[in-house]
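Colleague: here you go, sequence then predicted model.
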Amino acid sequence: MSLTMNSGFSTKRLRGALGGFILALLVLAFGAIAAADDSGVERADKIEQQLNQVKTDESAEQSRVQRDERAIRQLEQQLQQLESQHATLVRQANTLEVTSDKLKVEVAQLQDSQKQLAAGPSDEQFGSAMSRYLGSHQFTWNGSVSGGFIYDRGNNTNTFALAFQPLVIYRLNDWISFEGEMDGLLPQGSSAQFALPVAMFQLFLNDYLQVNAGLFDQPFGDWYEAQSASWVNRFVTAPLLYGAEAIVPPSELGLQLRGGLQWGALGQDVDYTTWVANGPGFDSALPHPVVGQTLNPVNNIQINTNGKAFGTRIRFYPFPLDSNLGRLELGASTYDGKWLNGHWFNSWGIDYAYLNGNLQTRGEYVQTYRQMPGGGPQDKRQGWYIQFGYFLQGLPLPQLPFGLDRYIENLEPLIRYSGVNQRAVVADEISTVPGIGFSGSPSIFSPHARQVALGIDYWIEPSIVWQTEFDIELPRAGGTLFSFNGASTATASPVGATSNDHAILTQFVIGF
Amino acid sequence: MSIRTLLVATTIAAIAMSSNTTARSAAAQDQTPEQHRMLIEGAHLWSVYCNQCHNARPGSQFSPAQWDAITMHMKTLSNMPAKDMRAIKEFLKLH
């Protein structure tokens, strides 16, 4: 703007200067003419020429001034354009500066992320993240589901059967946990039947002492606690002494102390379990107690007696692991309690288990005594079983067609002999309706039941198995059959020879 | 979605997709001598102690957190010495 004003001012001055210059020339010329009267026509001509020259010069000067003015206007326009362009460039520069700063930040973040990605998470970070994700309070589901088919010749029955037995373990921390098991069954004439065989708190106080409280499997022998799960039991059925006519209560409501320690070399262990509980109970549906009466599955609060039951089990492992003698377990159990005011139920048992390579065998012998009211004879019972199994895995086999040798390796042939002796059975308690793990054979309810079970297991996975069992029931004669048949007192009749029976059971079990 | 968000999401997905095996093998490489000894002992005990009652199940069937709970259950049933159960648990959690 200042340049424009200066340009206009210079033009006016130039015009003024030119006018003054011409006027001076005219004064000088007329002065010269007046001073020299007689200079003549020549002088006049010269003056005229000079005037013409002055006019010519003035015209040229005006043209030049006009050209200069045009040039000045053009320069002024160019200047305005340049100023506009300059302002635009300044704005663009500012924008670029901001963008550059953002890019620098993002590049830094990218480099940081690339470094983290290249380094990867450490074990601690991964473990911490997973622990945080899972939480410290954890539920774990285990258990089994089994479905099968049962045929019994003596009872003339065949049926499908199903059982679902989930076990949930809630772990609070390293020393507190809770576990509960539910049994879902499909009995005859009902859509479903549920039971709660286990609901127990576990406190791990130290390496040698654990406290369990609640409803638990009877820690007597190995069967109820360790062998009764359907994917653990090598057979479809239970041995007779733990089956339909069990001679020891299957579960208890009470408190346990238990633990184990190594007494010698690695593998040479000893463990103990001792418990106090509500004690045994017998079928309260009968009008009065009789010998051979069935045990209740669990002694709950409603049928509590005036005394508690006490039990202890000791297991001993004599062989060191490095001896290559296999793993041998020797156990002894006792369980005593009042089943009625002043009347005791006493029991003891011994058991063994042995594992060596593909061979596994186990067995138990149990004896029980029950004081009867009225000074009658004791209710004595004995039961036992012994079983063997051998995995064909690793067996040297020739290459068979269709790859049969691979399938044969998954087989485990089994044999079990079990029996029960009791003085009597109660006719009103006999139920021959089959179910999972029970063929329903009437021969099982003989006072002197005997059974040979032949089995073949096909192991698909360590906990997935297809089991098939052929039972040969060989009851012996003898004993008494009590029958109430709606009366208040039982009538006794001798049990003579009982016919043998055969049953086939097959089931598919998934342990999860 | 910014580049950073994308990278973080990719990292998390990569970690999640890497199975327990990755974590287990990484943990196995970072053992102390005591852990290594316990692991060997656990492998030895696992094949015998577990098989005595049932077929021994491989560690890969359950997560380490699940083994924490399951081994408490098995400790109760077996009454085995606590140090032996710890060794078996370490073995199961890493294999």
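Modeller: Happy to help now that I have it. Numbers count the residues shown, from 1 in each chain, chains lettered A, B, ... in the order given.

Colleague: now do the helices in chain A.
Modeller: Along chain A, counting by DSSP state H, helices occupy A:2-35, A:40-119, A:123-134, A:404-408.

Colleague: point to the residue nearest the middle of chain A.
Modeller: residue A:140 (5.7 Å; Cα atoms, centre = their mean).

Colleague: contact residues of the stretch 351-500 of chain A facing chain B?
Modeller: Contact residues (Cβ under 8 Å from any Cβ of the partner chain) of the stretch 351-500 of chain A with chain B: A:353, A:355, A:360, A:459, A:462, A:463. (Glycine included, C-beta is placed from N, CA and C.)

Colleague: ok, now which ones touch residue A:343?
Modeller: A:370, A:371, A:372, A:373 (Cβ atoms under 8 Å, 6 or more residues apart in numbering or on different chains).

Colleague: are any of those residues buried, and if so which?
Modeller: Buried members of the contacts of residue A:343, counted by 16 or more other Cβ atoms under 10 Å in any protein chain shown: A:370, A:371.

Colleague: the closest residue to residue A:326 other than its chain neighbours - how many residues pack around it?
Modeller: Leaving aside its chain neighbours, residue A:326 sits nearest to residue A:356 (3.1 Å; criterion: Cβ to Cβ, 6 or more residues apart in numbering or on different chains). Residue A:356: 14 surrounding residues under other Cβ atoms under 10 Å in any protein chain shown.

Colleague: how much space between residue A:356 and residue A:325?
Modeller: Relative to residue A:325, residue A:356 is positioned 7 Å away (Cβ to Cβ, to the nearest Å).

Colleague: swap in residue A:124?
Modeller: With Cβ to Cβ as the criterion, residue A:124 and residue A:325 are 43 Å apart.

Colleague: again, but for residue A:232
Modeller: From residue A:232 to residue A:325 the distance is 24 Å (Cβ to Cβ).

Colleague: which one of these two has more residues nearby?
Modeller: residue A:232 (17 against 13).

Colleague: ok, the more buried one touching residue A:511?
Modeller: Yes. Using Cβ atoms under 8 Å, residue A:232 is in contact with residue A:511, at 7.3 Å.

Colleague: overlap of the contact sets of those two?
Modeller: In contact with both residue A:232 and residue A:511: residue B:54, using Cβ under 8 Å, 6+ apart.

Colleague: residue A:263: neighbour count?
Modeller: 12.

Colleague: make that residue A:133, sorry
Modeller: Neighbour tally, residue A:133, other Cβ under 10 Å: 9.

Colleague: just the pLDDT for it.
Modeller: What the model reports as pLDDT for residue A:133 is 76.

Colleague: roughly how far does it sit from residue A:126?
Modeller: Taken as Cβ to Cβ, the span from residue A:133 to residue A:126 is 10 Å.

Colleague: what do you get for residue A:211?
Modeller: 35 Å.

Colleague: out of those two, which sits in the more crowded spot?
Modeller: residue A:126 (17 against 14).

Colleague: how close does the more buried one sit to chain B?
Modeller: From residue A:126 over to chain B the distance is 6 Å, taken as Cβ to the nearest Cβ, to the nearest Å.

Colleague: is residue A:210 in contact with residue B:76, as I believe?
Modeller: Yes. If you go by Cβ under 8 Å, residue A:210 and residue B:76 touch, sitting 6.8 Å apart.

Colleague: shared neighbours of those two, which are they?
Modeller: A:202, A:258.

Colleague: what's in contact with stretch A:185-204?
Modeller: By Cβ under 8 Å, 6+ apart, stretch A:185-204 touches A:161-163, A:167, A:174-184, A:210-217, A:250-251, A:297-298, A:433, A:435-436, B:72, B:75-76, B:82.

Colleague: list buried residues within the residues you listed.
Modeller: Judged by 16+ other Cβ under 10 Å, buried ones among those: A:161, A:163, A:167, A:177-183, A:210, A:212, A:214-217, A:250-251, A:298, A:435-436, B:72, B:75-76, B:82.

Colleague: just the residues contacting the helix or strand containing residue B:93, thanks.
Modeller: Assessed by DSSP states H and E, residue B:93 sits inside helix B:82-94. Helix B:82-94 has contacts (Cβ under 8 Å, 6+ apart) with A:204, A:206-208, A:259-260, A:262, A:266, A:269, B:24, B:27-28, B:35, B:38-39, B:41-43, B:45-46, B:49-50, B:58-59, B:62, B:64, B:67-68, B:71, B:74-75, B:78.

Colleague: tell me who's in contact with the residue nearest to residue A:326.
Modeller: Here residue A:356 is in contact with A:325, A:326, A:327 (Cβ under 8 Å, 6+ apart).

Colleague: so what pLDDT did it get?
Modeller: The model's pLDDT for residue A:356 equals 95.

Colleague: quickly list what it is bridged to.
Modeller: Judged by DSSP bridges, the bridge partners of residue A:356 are residue A:359.

Colleague: pLDDT below threshold where in the chain?
Modeller: All of this refers to chain A. A:1-21, A:23-39, A:299-306 (pLDDT under 70).

Colleague: please refer instead to chain B.
Modeller: B:1-30.

Colleague: the helices in it, which residues?
Modeller: Under DSSP H, chain B gives helices at B:3-17, B:20-29, B:33-45, B:51-53, B:64-78, B:82-94.

Colleague: how about residues contacting the fourth one?
Modeller: Going back to what we said before, that points to helix B:51-53. Contacts of helix B:51-53 (Cβ under 8 Å, 6+ apart): A:222, A:226, A:227, A:232, A:327, A:329, A:353, A:355, A:360, B:77, B:78.

Colleague: if we use 7 Å, what do you get?
Modeller: With Cβ atoms under 7 Å, 6 or more residues apart in numbering or on different chains as the test, helix B:51-53 has contacts from A:226, A:227, A:232, A:327, A:329, A:353, A:355.

Colleague: quick one: residues contacting the nearest residue to residue A:372 once chain neighbours are set aside.
Modeller: Nearest residue to residue A:372, sequence neighbours excluded (Cβ to Cβ, 6+ apart): residue A:379, at 5.8 Å. Contacts for residue A:379 (Cβ under 7 Å, 6+ apart) come out as A:291, A:292, A:370, A:372, A:423.

Colleague: quick check, nearest of those residues to residue A:74?
Modeller: residue A:370 (130.5 Å; Cβ to Cβ).

Colleague: let me see the domain layout of chain A.
Modeller: A:2-103, A:139-511 (automatic domain parsing).

Colleague: among these, which is the most enclosed?
Modeller: Greatest average neighbour count among the domains of chain A goes to domain A:139-511 (a mean of 18), per mean count of other Cβ atoms under 10 Å in any protein chain shown.

Colleague: distance-wise, check residue B:88 relative to residue A:486.
Modeller: Residue B:88 is 56 Å from residue A:486, by Cβ to Cβ.

Colleague: also residue A:472?
Modeller: For residue A:472, the distance to residue A:486 - Cβ to Cβ - is 35 Å.

Colleague: count the neighbours of the closest residue to the residue nearest to the centre of chain A other than its chain neighbours for me.
Modeller: For residue A:140, ignoring the flanking residues on the chain, the nearest one in space by Cβ to Cβ, 6+ apart is residue B:69 at 4.0 Å. Residue B:69: 23 surrounding residues under other Cβ under 10 Å.

Colleague: give the contact list for residue B:69.
Modeller: Residue B:69 neighbours (Cβ under 7 Å, 6+ apart): A:138, A:140, A:169, A:171, A:177.

Colleague: name the nearest of the residues you listed relative to residue A:77.
Modeller: residue A:138 (83.2 Å).
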